[in-house]
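J.: fold the following and give me the result.
(chains A and B)
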Amino acid sequence: MNQSPRGTTADAPFSHLIEMLRPDLLRFALWLARDRAVAEDVVQETLIRAWKSREELKNPSAARPWLLTIVRREHARLYERKRLPTVDVDAVEALGDPALASDGDAGLHDLRSAIMQLADEYREPLVMQVLGGFSTAEIAAELKLTQPTVLTRLFRARNKLRVIYGLTPAEDAE
Amino acid sequence: MSAGSPDCAHARLQIGGDPQELPPEVAAHLATCAACTRFREETLALDGRLRAALELPLSEFRRKSQAPPVRRFALAASVALAVLLAGGFWVLKPRSALAGEVVAHVLEEGGSWDQTQLLPPAAVADVLRTAGVEFDASLPVVYAYACPFRGHRVPHFVVQTANGPMTVMLLAHEQVSKRTEFSEHGLHGELLPAGSGSVAVLMRTGDVPEDLAGKIVSAARW
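T.: All right, here's what the predicted structure looks like:
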């Protein structure tokens, strides 16, 4: 969707919110989907769904987590509905994308590649926490997992990334 | 680094799971365990890098996902022709990588130009606080967002001017040695040195008003 939904004057603040948050939604969807086309589909579906249920958003300051939650659900729904195959780590198309590069910062590029290659069960909660700002309890509720399970997945995700950052991983009683 | 006791193992799990929010028993453990304290400091540093890594430059993704080659050639030709017709001298101006990224970012948020409703000062202050930047200018701001840009949160404003909407980006982490004009995709802009950082201003129509650019630079503090 290249333009935000437009409606009455009363809808203008909502349109403004959507416009401001759209880059964040797309970025979040990209990390979940690891595929540009899928991410853009997810954001489009999200904006349609958000527009239809905009009355549910009582507090504009809660718009970001509300929309990010819709993104995550739409991403999950897309895979269920279209029965898309899960992305093979070795075939992550986004790994060759110039967006992973960073001017003069090879470490950042390596970190992006490493995050892209994390398995879904580790990448999803990590992206929700670090980029989305969700608490462990919120992630557990959203992913229908227990809090200790989420905590363990986040610990393991960071443990894998510590190596990329040149740090010794912590012991893991896996 | 290894966890020396069950307490340390528990602390590492909690820190690795969420280094920002630690339960009381782990906070108490840190007061007595230098190794776990160091582990937490490392994890917090890693999280800073993670945040920067996760904030992907969307403009690069957008560029790559454009139309197939034939359409891309047509688009490129029409853009080149438009640029030549608009004023050939702009073509000769060197374009910095920073200017290119600023333009790409502004194009990515093209809807920002369409905003007309003045934002309350509190909304502007909120964006500045998020980005850790001070800005005094009392300009009519119609769009404000702390955008991810080159690994940092950057205040991105659109202000109303007599010549139409003008984008202002306060780049606390980008230095430019001198005032640099650029023109790309129909946008005219300038990169201006501002203390230890810089300011980018862009307009769709006409040049950036000289007095306004100076006012913006003097109002920004990092």
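J.: residue ranges with poor pLDDT in chain B?
T.: The model of chain B has pLDDT under 70 over residues B:1-6, B:59-96.
J.: what segments of it are strands?
T.: Using DSSP state E, the strands assigned to chain B run over residues B:134-135, B:141-149, B:152-161, B:164-171, B:180-184, B:187-194, B:197-203, B:220-221.
J.: quick check: which of those is nearest to B:Ala52?
T.: Checking the strands of chain B against B:Ala52 by Cβ to Cβ gives strand B:152-161 as the closest, at 7.6 Å. (Each C-beta comes from the backbone N, C-alpha and C, glycine too.)
J.: which elements pack onto the closest one?
T.: helix B:121-131, strand B:141-149, strand B:164-171 (3 or more Cβ pairs under 8 Å, 6 or more residues apart in numbering or on different chains; DSSP states H and E).
J.: strands paired with that strand, and their directions?
T.: Applying DSSP bridges to the sheet, strand B:152-161 is found paired with strand B:141-149 (antiparallel), strand B:164-171 (antiparallel).
J.: measure B:Val159 to A:Gln129 for me?
T.: To A:Gln129, B:Val159 is 35 Å away according to Cβ to Cβ, to the nearest Å.
J.: who has more neighbours out of those two?
T.: Remark: of B:Val159 and A:Gln129, A:Gln129 carries more neighbours, 24 against 20, as counted by other Cβ atoms under 10 Å in any protein chain shown.
J.: on the three-state scheme, the more buried one is what?
T.: The assignment at A:Gln129 comes out as helix when based on DSSP: H, G, I helix; E, B strand; the rest coil.
J.: spit out the contact partners of it.
T.: Shown in contact with A:Gln129 (Cβ atoms under 8 Å, 6 or more residues apart in numbering or on different chains): A:Ser135, A:Thr136, A:Ile139, A:Leu154, B:Asp18.
J.: wait, doesn't the third one sit right on A:Pro125?
T.: Looking back up the chat, that one is A:Ile139. Yes: taking Cβ atoms under 8 Å as the definition, A:Ile139 is a contact partner of A:Pro125 at 5.0 Å.
J.: find residues that contact each of the two.
T.: A:Val150.
J.: quick one, domains of chain A?
T.: Chain A breaks down by automatic domain parsing into domains covering A:1-85, A:96-167.
J.: returning to that earlier point: can you lay out the strands of chain B as CSV showing distance to B:Pro57?
T.: Output for the strands of chain B, formatted as CSV (distance: least, Cβ to Cβ, whole Å):
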stretch, distance to B:Pro57
strand B:134-135, 24
strand B:141-149, 8
strand B:152-161, 12
strand B:164-171, 14
strand B:180-184, 16
strand B:187-194, 18
strand B:197-203, 15
strand B:220-221, 23
